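Visitor: Generate a structure from the sequence data that follows.
(4 chains)
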4 protein chains.
Amino acid sequence: MTAPEPSRTVGAAVPIGPPGVPVTHISQAHPDRVEVRGRDLADDLMGRLTFTEYFHLLLTGEEPTEQQRYFLDLLLVAIAEHGMMPTNVAARMTLAADPGSLHGAVAAGILGAGPVILGTAEECARLLTELRATGTAPDEAAHRIRADGGKVPGFGHPVHKPLDPRAERILALAGEHGAAGEHVALARALRDGVAAAYGRPLTMNVSLPIAAVLLDLGFPATTVKAVPILARTASLLAHLAEEREHPVGFLMAGHAEDAITYEP
Amino acid sequence: MTAPEPSRTVGAAVPIGPPGVPVTHISQAHPDRVEVRGRDLADDLMGRLTFTEYFHLLLTGEEPTEQQRYFLDLLLVAIAEHGMMPTNVAARMTLAADPGSLHGAVAAGILGAGPVILGTAEECARLLTELRATGTAPDEAAHRIRADGGKVPGFGHPVHKPLDPRAERILALAGEHGAAGEHVALARALRDGVAAAYGRPLTMNVSLPIAAVLLDLGFPATTVKAVPILARTASLLAHLAEEREHPVGFLMAGHAEDAITYEP
Amino acid sequence: MTAPEPSRTVGAAVPIGPPGVPVTHISQAHPDRVEVRGRDLADDLMGRLTFTEYFHLLLTGEEPTEQQRYFLDLLLVAIAEHGMMPTNVAARMTLAADPGSLHGAVAAGILGAGPVILGTAEECARLLTELRATGTAPDEAAHRIRADGGKVPGFGHPVHKPLDPRAERILALAGEHGAAGEHVALARALRDGVAAAYGRPLTMNVSLPIAAVLLDLGFPATTVKAVPILARTASLLAHLAEEREHPVGFLMAGHAEDAITYEP
Amino acid sequence: MTAPEPSRTVGAAVPIGPPGVPVTHISQAHPDRVEVRGRDLADDLMGRLTFTEYFHLLLTGEEPTEQQRYFLDLLLVAIAEHGMMPTNVAARMTLAADPGSLHGAVAAGILGAGPVILGTAEECARLLTELRATGTAPDEAAHRIRADGGKVPGFGHPVHKPLDPRAERILALAGEHGAAGEHVALARALRDGVAAAYGRPLTMNVSLPIAAVLLDLGFPATTVKAVPILARTASLLAHLAEEREHPVGFLMAGHAEDAITYEP
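Guide: Got it, this is the predicted structure:
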C-alpha cells in the first residue's frame, strides 16, 4: 500500500517507515571528545587521515587500504570538474540571485546531479553486477539492450569522441596498479559488445570505469553514487568562489534568456 | 538602486549583473582532453593529485604546498562529522520521503549549513582580519563586542565544555608544524580577552582555529566557507548511505512530531 | 547512449539536449509592460484573476472554467497541510540552522515532496489513464498488481483509517458538482477491486481522487504533480512563519537525535 | 556566544535552540479527521475556502476579510511571473539534468529567490515600518541613505523604465479599493524623496507597493516574504511543465557556456 503521508497517529507506538533498530554507527559527540566510527576524532583521526581516507571511513566504517585510497582519490579527481557544466551554470545564477548563501547555491548545483549528468555510474554498477551474477556475455547483453530500444549505460558522450580521456586513464591506471578485476574486464568486453551491437564503436564514458573499479576494489554499492556527488561539490565550490570574485551568473542568464523566443 | 528582477530587455546590449570580463579560469572540456587550471586532467592530474590537493587547485588555481595540503586535510577532517546533527536529521528525513534522490537529500542537508551551524568560520575570519588590519587588541575587541550586546564569533558550544577537543587539536598541530602565525596568535589572545570580558572562560569552538590556520597559511577568504561545506557533504553522504541500509528517518520524524503539541 | 555530461564542444553548432524550437509560451517582460500568456499582466490580469485562476493560466495557457477553478481550489486546499509532516520538520530544522534564508528552508521542505510523501498522485494518474486506455477492469488490475508483489497507488494511509476524510470529501463534492466522470468512476471501482484483491478494505487516500478529478476535468497530466507541490509550499511557509515566531526546530532535532543510539 | 553545532549531549535535559513552549498552532491529523487552525479540513474548509483564503488562514490563523483576500490574490498574481528569469533558467537546467525530480527543480529555482531577485519586499517593509515608527520624513530618509552610499529598497529596475507597470497598478487598485493607508502614503512620498535625493526619478519597483499594501491591510511581517515565494513557486511549476513538454534547459545552458571564455 502506498503511504502518501507518513505522519504518525498521536501517541502511536509504532513508528512509520521501514522497520529497523534505531541505531547509527557513525558518530557521537561528547563534552570532551567526538567519537567517529569507534575512533577518537581529535586524538586519532585529525592529522593522521587525509580527507579521502576519512571519507572512506565515514562511508564504510573502515579505513581504506592504500590501493583503495589511491583509486578513491583518482576517481574523485576524475569526475569533479568538466567545464561550465549546466549544474555549474545553475549554481552561479543562484549565487548571483542570492549572494549571501554560498550553501544555497551549492545545493542548487547538486540538485542537477541527476541521472542525465551524473547518475549513470550507479546504472553501470547495476549492469556490471548483473552481468557477473548471471554470467551473461557482455555482447549478448549489449545486443539485447539495443533490441529493446534501450541505451547501454556508460556509453556515449556529447563532447568526448572517439575516446573519453578520463575513462581511458582510469582503465590504464587500474591495469598498472593491479586493480583491474572481473568488473573492469566486463567493462572492456562491454565496449566490444556495444561496438558490435550498434555497428560502430561508441565512446565509453567515465561512468563505466568508475563503477567497475569501485566494484573490483570491494567498495559497497553506495559509494558509486556518493563519489560523484562529493567530487562535484568540490567543483561547485570552485565555480562559486570564482563567481564571488568575478561574477558571470547574470550575464549567462541573459544569454540563456536571449536564446529563447516568447510566442504567446 | 535595488534591482529586484534582473531580466534583460530583449536584445539589450548590456547584461544585467556586476560588470566583468566573461571569463572563467577553471576548466574547459575538449573532444580529446579536459583542461583544468591549465593542466591536462587525465594525463597530469588524475593519479597524481589527491582529492584534497585537487580541491585546492580547483579553488585557488594553485597546487598546495605540503603544509597547506596537510592542514587542508586536517581541517576537512575536523569539521566533517559531529554526530546526528540537525542537518543530518533533516537530510535523512528527506531521503526517507524521496528515496530515489540521494542528491536531493544531500542538498536538503547542505541547506542547513547556515550561520548557526557552520557559518561562523567566515565571521571568525572577518574578525581576525579586522583585528590584524586595525591593530585592535583582542581583549579590547571582546569587551567592545560584549558591551554592544553581541557575541564573539568562535566562542561557545552546546556540547563541548570546557574545551572543544577539535579546536585544541588544531591549535596544537599548528604549533607543532610551524603553521601558527599571526592569526593563530590573535585567536589565542582572543580566548583570554573573551574570558576577561565575560568574566569566565568560554569554549573556543572549532570555527576560530579553522579560520586562523587558513588565514595563516595564506588561503584566500573564499576557502573559509568552502571547507566546512565540502566536509559536511562527506558526512551527509555517510549518513545517507547508512539511511539507505538502515532507515531511521521517519522514526526520527515521528519522535520530532510527538515532541510538539498542537493547540488550536 | 547515455550522455553523462551535456557540455557542449566549444563553438559546436548543435546544442545538447532534446531537440525543439527554442520557444517559450509563458511570458515576456518589456520596459512598459509584462505579457503573460498573451495577456497584459498589469492591465488585464492583476485584480481580475485570483491566484488559483492565474496558476491555471500559467500552467495551461488558458483561464479555467468556473468548475475547474472550484476544483483546483478544492484540491490545493485538500493537500496543502497535514500536521507536523516530516517535510515540515526538516524545513523547520533547516530554518533553525540558517534563520536568514526562508527560501532555503522552503527548498529543503520541498525536497521531501517525493514519491513516498506526495508523489503518488502522479502514479495514480498513470494507472487511471492506463485502465481507461486499455479497458482493463479495475479489480483485474488490482489482482494483477497484488500478484506481482506491487502496491496499488492511492491506497493505504498511516494515519487515516478506515477512511481518509479528504478523499471522501473530494469524491462527494465531485459528485455534487457534476465533476465525476470516467476517472472518478474508475477510482471508485478500484477501491472495490483492491478490497477484493487484498481480502480487506484499504483506505483510499487523498492522492487517488486528486488524480481522478484532475483527469475528469481535463487538466493536463503535468498539473497532477504541480498541485501538491504548490499546495505544500503554502503549508511550508506557514510552518516557517510559525518557526520564526516560536522556534521548535532544534528542539525537534534534539528529540530525533535522542531516539537514535550510537553503536560503533 | 555562537553555537556552531547545536547537537545535544546524550540525555541532556535542556534542548538546544531558542526557548519556547513546544507547541504548534497549525494543524493535527487524526485517524478520522484533519484539524487545521481549529477547523475541520474536510468538512469545513475544503470546498469553502479558495487556496488564497486558505493560505491566509494557514499563515495567520485567521480567514481573510474580503479586502485582504482581494489584495492577497492581487499581490500573488503581480509577483509570480516575469519572463525567463534567472531562477526559471536555473530550474529548467536542473530539470533537464534530473528529469525525474520536478520538486528538485522547483527547489533549485526557489533557492534563487534571494535578496537580489525577490527579497527586497522585506527590506521595503522594514524601511516603511521604521519611517512610520520614527516619524522620519521620507525625503530625509532618502537623502540619508544616499549620503551613506546605500540604496533605497524598492527603487530601480533593470527592465521597467520609467515606471514598473505592476507597481503602478497595485497603487491604483489600493486607492480604488480604499486599501491605501499610511504605508502606501509613505511609499508615494518616498518616490518623491528618492527623485529629489538622486536628482532624477527612479522606477519604483513592485516590491515597495507589495510591502506597503500588506502592511496597510494588517498582514504580519512574515507574509511579506512568503507572498513572493509562493507566487514564484507557481511560476516555476509553469516553466517546468513547459520544460517537460518542450525542453530548452540544455540549450540555454549551452548558450550560457558559450558566452564565457576559458583562460587558464
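Visitor: Tell me the secondary structure at A:Gln28.
Guide: Using DSSP: H, G, I helix; E, B strand; the rest coil, the three-state assignment for A:Gln28 comes out as strand.
Visitor: I'd say A:Ala238 and B:Leu58 touch.
Guide: Yes: at 3.7 Å, A:Ala238 and B:Leu58 qualify as touching, with contact defined as Cβ atoms under 8 Å. Just so you know, the C-beta spots here come from the backbone N, C-alpha and C atoms, and that holds for glycine as well.
Visitor: Common neighbours of those two, please.
Guide: Counting by Cβ atoms under 8 Å, 6 or more residues apart in numbering or on different chains, the contacts common to A:Ala238 and B:Leu58 are A:81, B:26.
Visitor: more neighbours, these two?
Guide: Per other Cβ atoms under 10 Å in any protein chain shown, whichever of A:Ala238 and B:Leu58 has more neighbours is A:Ala238, with 29 against 25.
Visitor: Tell me if whichever strand or helix holds the more buried one is near chain B.
Guide: Assigned by DSSP states H and E, A:Ala238 belongs to helix A:222-245. Yes: Helix A:222-245 comes into contact with chain B (Cβ under 8 Å from any Cβ of the partner chain), by way of A:222-223, A:225-226, A:229-231, A:233-235, A:237-242, A:244-245.
Visitor: Could you export that helix as CSV, CA atoms only?
Guide: C-alpha atoms of helix A:222-245 as CSV (Å, rounded to 0.1, in the frame of the first residue of the first chain):
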residue,chain,number,x,y,z
THR,A,222,26.5,3.1,-2.0
THR,A,223,29.9,4.7,-2.8
VAL,A,224,29.2,4.5,-6.6
LYS,A,225,26.8,7.5,-6.3
ALA,A,226,28.5,9.2,-3.4
VAL,A,227,31.8,9.6,-5.2
PRO,A,228,30.4,11.8,-8.0
ILE,A,229,28.3,13.9,-5.6
LEU,A,230,31.3,14.7,-3.3
ALA,A,231,33.5,15.3,-6.3
ARG,A,232,31.1,17.7,-7.9
THR,A,233,30.6,19.6,-4.7
ALA,A,234,34.3,20.5,-4.8
SER,A,235,33.8,21.7,-8.4
LEU,A,236,30.8,23.8,-7.4
LEU,A,237,32.7,25.4,-4.6
ALA,A,238,35.4,26.4,-7.0
HIS,A,239,33.0,27.9,-9.5
LEU,A,240,31.2,29.7,-6.8
ALA,A,241,34.4,31.1,-5.3
GLU,A,242,35.2,32.4,-8.8
GLU,A,243,31.6,33.7,-9.2
ARG,A,244,32.1,35.7,-6.0
GLU,A,245,35.3,37.3,-7.3
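Visitor: Next one: it, is it in contact with chain D?
Guide: No: using Cβ under 8 Å from any Cβ, helix A:222-245 stays clear of chain D, coming no nearer than 10.4 Å.
Visitor: where does chain A dip in pLDDT?
Guide: Scanning chain A for pLDDT under 70 picks out A:1-21.
Visitor: Helices of that one, start to end?
Guide: Listed in chain order, the helices of chain A (DSSP state H) span A:51-60, A:66-80, A:86-97, A:102-110, A:120-134, A:138-147, A:165-176, A:182-198, A:207-216, A:222-245, A:249-258.
Visitor: Check which residues of the longest one are buried.
Guide: Residues of helix A:222-245 classed as buried: A:222-244 (neighbour count, 16 or more other Cβ atoms under 10 Å in any protein chain shown).
Visitor: Which residues of the stretch 51-200 of chain A lie near chain D?
Guide: So the stretch 51-200 of chain A meets chain D at A:83-87, A:89-91, A:93-94, A:96-101, A:104-105, A:107-108, A:111-117, A:119 (Cβ under 8 Å from any Cβ).
Visitor: so the helix holding A:Ala238 versus helix B:102-110, what angle?
Guide: 50 degrees (axes from the mean of the first three to the mean of the last three Cα atoms, to 10 degrees).
Visitor: can you pull the buried residues of stretch A:158-167?
Guide: So stretch A:158-167, judged by 16+ other Cβ under 10 Å, has buried residues A:158-160, A:163-167.
Visitor: for the residue most central in space within chain A, what are its contacts?
Guide: Nearest to the geometric centre of chain A sits A:Pro228, at 2.5 Å (Cα atoms, centre = their mean). With contacts defined as Cβ under 8 Å, 6+ apart, A:Pro228 is in contact with A:79, A:113, A:118, A:121, A:210.
Visitor: Counting neighbours, which of those residues comes out on top?
Guide: Highest neighbour count within the contacts of A:Pro228: A:Ile210, with 32 neighbours (other Cβ under 10 Å).
Visitor: circling back: let's have the helices of chain A in JSON lines, adding distance to C:Phe71.
Guide: JSON lines is the format used below for the helices of chain A (distance: least, Cβ to Cβ, whole Å):
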{"stretch": "helix A:51-60", "distance to C:Phe71": "48"}
{"stretch": "helix A:66-80", "distance to C:Phe71": "47"}
{"stretch": "helix A:86-97", "distance to C:Phe71": "34"}
{"stretch": "helix A:102-110", "distance to C:Phe71": "34"}
{"stretch": "helix A:120-134", "distance to C:Phe71": "40"}
{"stretch": "helix A:138-147", "distance to C:Phe71": "43"}
{"stretch": "helix A:165-176", "distance to C:Phe71": "52"}
{"stretch": "helix A:182-198", "distance to C:Phe71": "49"}
{"stretch": "helix A:207-216", "distance to C:Phe71": "45"}
{"stretch": "helix A:222-245", "distance to C:Phe71": "40"}
{"stretch": "helix A:249-258", "distance to C:Phe71": "35"}
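Visitor: can you tell which of those is closest to B:Ala259?
Guide: helix A:102-110 (26.6 Å; Cβ to Cβ).
Visitor: roughly how far out does the closest one sit from the chain middle?
Guide: Helix A:102-110 sits 17 Å away from the centroid of its parent chain (Cα atoms, centre = their mean, to the nearest Å).
Visitor: Perfect, I'm done here.
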